[in-house]
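Engineer: quick one: sequence plus predicted model below, questions after.
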Amino acid sequence: QVQLVESGGGLVQPGGSLRLACAASGIISNKYVMGWFRQAPGKEREFLARVRWSGTGTYIADSVKGRFTISKDNAKNTVFLQMNSLKPEDTAVYYCAADRDGWGTQEYEYDYWGQGTQVTVSS
């Protein structure tokens, strides 16, 4: 059973940084892809970034490119989302997700989801 647990959210001032972590268990294939999404109140869930389970091959959505990066610690089975130069509009619940065999950017393509972690950017 795949389990994903996010951590690292919180309150940060505009211009600040946060690093979110997603601890994954139960994944046994390098075909998996790990993704980060976010959902702000009243908005649809938005794709942000993805990385292959092997840790190679990353992709960042244009909306956050240059500010967000995704990486994976293979020894700890943990995926990170480094967020810099945060803006109030980055306020959302951030979700980690796993796709068994794709390379997608759509919510429906991902098979497993974490519970989410709240990020609030405010002065």
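Structural biologist: Arrived safely.

Engineer: what bridges to residue 51?
Structural biologist: Beta-bridge partners for residue 51, by DSSP bridges, are residue 34, residue 58.

Engineer: tell me the spacing between it and residue 36.
Structural biologist: Here residue 51 is placed at a distance of 9 Å from residue 36 (Cβ to Cβ, to the nearest Å). (Each C-beta comes from the backbone N, C-alpha and C, glycine too.)

Engineer: with neighbour numbers in mind, choose between these two.
Structural biologist: Neighbour count, other Cβ atoms under 10 Å: between residue 51 and residue 36, residue 36 has more, with 27 against 23.

Engineer: just to check, the more buried one is in contact with residue 81?
Structural biologist: Yes: Residue 36 is in contact with residue 81 according to Cβ atoms under 8 Å; the separation is 4.7 Å.

Engineer: which neighbours do those two share?
Structural biologist: Common contacts of residue 36 and residue 81 (Cβ atoms under 8 Å, 6 or more residues apart in numbering): 20, 22, 48-49, 70, 94.
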